[in-house]
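Colleague: need a 3D model of the sequence below.
(2 chains)
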Amino acid sequence: MTTYSLPLVRRKRGATTRRARDGLFIASVATLAVIVGIAVVAAVVPFAGDPAKIVGPRLSAPSGAALLGTDALGRSVLARLLEGIGTTLVLSAIAVLCTAVISVILGMVAGYLGGWTREGVMRFVDVLYSFPSIVLAILIAAVVGPGQIAALASIVLVTVPLMTRMVSAASMAVAKRDFVTTARISGVSGPVILFRHVLPNISGTIAVQGTYALSVGILVEGGLSFLGYGVQLPQSSLGLLIQEGSSYMVQAPWLLFSPAVVLVLAILAINLVGDTLRDRLDPRETRSLV
Amino acid sequence: MNALAPVPSVSITGLSAEYRSRLGVNRALDEVSLDVASGELVAIVGESGSGKTTISQAIGRMLPRACRITAGEVRVHGHDLATLSPDEVRRVRRESLGFIPQDPIASLDPTMRIRRQLELALKPLDRPTDAASLTALLSSVKILEPERVLRLFPHEVSGGMAQRIAIALTIAREPSILIADEPTASLDAQVRDEILELIVDFVRRSGASLIWISHDLGAVRKWCDRVVVMHRGAIVESGPTVRVLDAPEADYTRTLVAAIPARTRAPREREDHA
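Modeller: Residues are numbered from 1 along each chain as shown, chains lettered A, B, ... in the order given. Now for the predicted structure:
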């Protein structure tokens, strides 16, 4: 009986780790659902009030009248925070969709055709990759002017290189599989093979990279707005609220606290969901969640 | 060549090919010439890396990007694929070539149910894709409970069944040239014989040519008309199977035949080696 004690203990540890991972995944999904849910409800029914309306004295601490306090103009921080979450999430989600379309097309064609096509695409994304992301974002803002378009374009250009690389590598692996060879030898054309066989087989990679791109998108939007190149007043975003809050960090720390906590929670939750998706889609991968 | 002589299904003339990588140039084929007639069952044997798979890839113009043909030509039913447009190459492949790969599970798309894969194979040929026709197709490759199998994903079937499905997908297109790259390498002995029987049965019925890449000389002896022995990218010996395996002329063929386990050799050979 002693012979079997070690494997049993190991199995038990494995089960504990799995349970912990499942717990983290559920907690992450719940956190995201709460953040998105509150922002959606606030957009439909402004239960926290008008974010542009002055509701009390300037920089007042959280109280029953203003749950998260007021800002430098006496507006409700809660109302502005809910508007900011919506702006940041919608902007990042649209940017990630654009990234996914561009990266999937570029990556699949590069991975499937290989050779000079792949070299060309990879060198192009290498050039993009070589720019520090925030410098690239500022450059774009300088060209198109500060605002939502600049933030959107920046997120796309920052997230396209990594996603294109991953999609290209995954497509290259699928293109070498026997069922693709069989399809080619059966006379099926390249575009049909790409959309019928390659795309469904790399959908897991796209989903995982999409979650990472979303967290990078939120970070880039936050960074740009913090520097004043992203979302512009009177609209609010998480980055813009953090930038405002940092000016009153000593007098009114609640201004900085709430958007910073939401930003960290959102990014952490998205990354944990991405990690779990990656682990589920590739059972050989055993990297821990955190 | 006699003008009235029938055109071979596959005609390879002086074919040389090489793989280029950062490590250098590796000659994969060295002036290989081979004709395969309609209805002929030809086995290509030899050790790993001898160029067997490169020949099969060259026939369909399916060579990897790193491999280049440096000399010679390959004709499929008289067409030199190198001179055809991509659309024409696809047409020749679609109308003439069938491919049965080595790994049966990998030969099926893991994201699609078997039914969908059969439908996709049959639709371009205007063949019926109703449940009865698909069931009949699976039954023809001796799959039990075909209605249930149609609903399964590839990871839900065994290796033997996956290979039967892959064969069904290929023979449904009725190719005139069937290329089988070690189709039974990953299967157990009993299933292996059943699968080979299915392939050979199709070839005999349809009059197609079979180019069978194999390490299994025992099975080659049982099923093939002709055997081509390859070593280091060149054909070292070629001829009727019985003659080549019973009285090999090349040293390499003798070594290869001597490596066959005793139970797969002909009775006379076993006595000689006793």
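
Colleague: contacts only, for the one residue in the stretch 151-290 of chain A that gets nearest to chain B.
Modeller: Residue of the stretch 151-290 of chain A nearest chain B, by C-beta to the nearest C-beta: A:G187 (2.7 Å). C-betas here are computed from N, CA, C, even on glycine. The neighbourhood of A:G187, defined by C-beta atoms under 8 Å, 6 or more residues apart in numbering or on different chains, consists of B:R90, B:R91, B:R93, B:R94, B:E95, B:P124.

Colleague: can you tell me the SS state at it?
Modeller: Applying DSSP: H, G, I helix; E, B strand; the rest coil to A:G187 yields a three-state assignment of coil.

Colleague: pLDDT wise, what is the nearest residue to it once chain neighbours are set aside at?
Modeller: Closest residue to A:G187 in three dimensions, ignoring its sequence neighbours and counting by C-beta to C-beta, 6 or more residues apart in numbering or on different chains: B:R94, at 2.7 Å. B:R94 is assigned a pLDDT of 83 by the prediction.

Colleague: contacts only, for B:R94.
Modeller: For B:R94, the contacting residues are A:S186, A:G187, B:P124, B:R173, taking C-beta under 8 Å, 6+ apart as the criterion.

Colleague: filter these down to the buried ones.
Modeller: With neighbours counted using 16 or more other C-beta atoms under 10 Å in any protein chain shown, the contacts of B:R94 contain these buried positions: A:S186, A:G187, B:R173.

Colleague: how close does the nearest residue to the first one once chain neighbours are set aside sit to A:F131?
Modeller: In other words, A:S186. Nearest-residue entry for A:S186: B:R94, 6.0 Å, with adjacent residues in sequence omitted and distances by C-beta to C-beta, 6+ apart. In this structure, B:R94 and A:F131 are 46 Å apart, going by C-beta to C-beta, to the nearest Å.

Colleague: cool, and B:Q190?
Modeller: Counting by C-beta to C-beta, the separation of B:Q190 from A:F131 is 61 Å.

Colleague: over to A:I105?
Modeller: 22 Å.

Colleague: A:L128: neighbour count?
Modeller: Other residues within reach of A:L128 by the criterion other C-beta atoms under 10 Å in any protein chain shown amount to 16.

Colleague: helix/strand/coil for it?
Modeller: Assigned state for A:L128: helix (three-state reduction, three-state DSSP).

Colleague: you'd agree it is up against A:M163?
Modeller: No - using C-beta atoms under 8 Å, A:L128 makes no contact with A:M163, being 11.2 Å away.

Colleague: where does pLDDT dip in the chain?
Modeller: All of this is about chain A. Counting by pLDDT under 70, chain A contains low-confidence ranges at A:1-14, A:282-290.

Colleague: chain B, not that one
Modeller: Applying pLDDT under 70 to the predicted model, the residue ranges of chain B that meet it are B:1-6, B:260-274.

Colleague: so which bits of chain B are right by chain A?
Modeller: B:60, B:62, B:65, B:90-91, B:93-95, B:97-99, B:101-103, B:106-112, B:120-121, B:124, B:166, B:169-170, B:173, B:179 (C-beta under 8 Å from any C-beta of the partner chain).

Colleague: mind checking which of these are in helices?
Modeller: Secondary structure assignment by DSSP state H places B:R90, B:R91, B:R93, B:R94, B:E95, B:L120, B:A121, B:A166, B:L169, B:T170 of those in helices.

Colleague: most widely separated two among the residues you listed?
Modeller: Maximum pairwise distance among these (C-beta to C-beta): 22.6 Å, between B:R91 and B:A166.

Colleague: who's more crowded, the two?
Modeller: When B:R91 is set against B:A166 and neighbours are counted by other C-beta under 10 Å, the residue ahead is B:A166, at 27 against 14.

Colleague: wait, that one touches B:P104, no?
Modeller: Yes - B:A166 lies in contact with B:P104 (C-beta under 8 Å); the separation is 5.4 Å.
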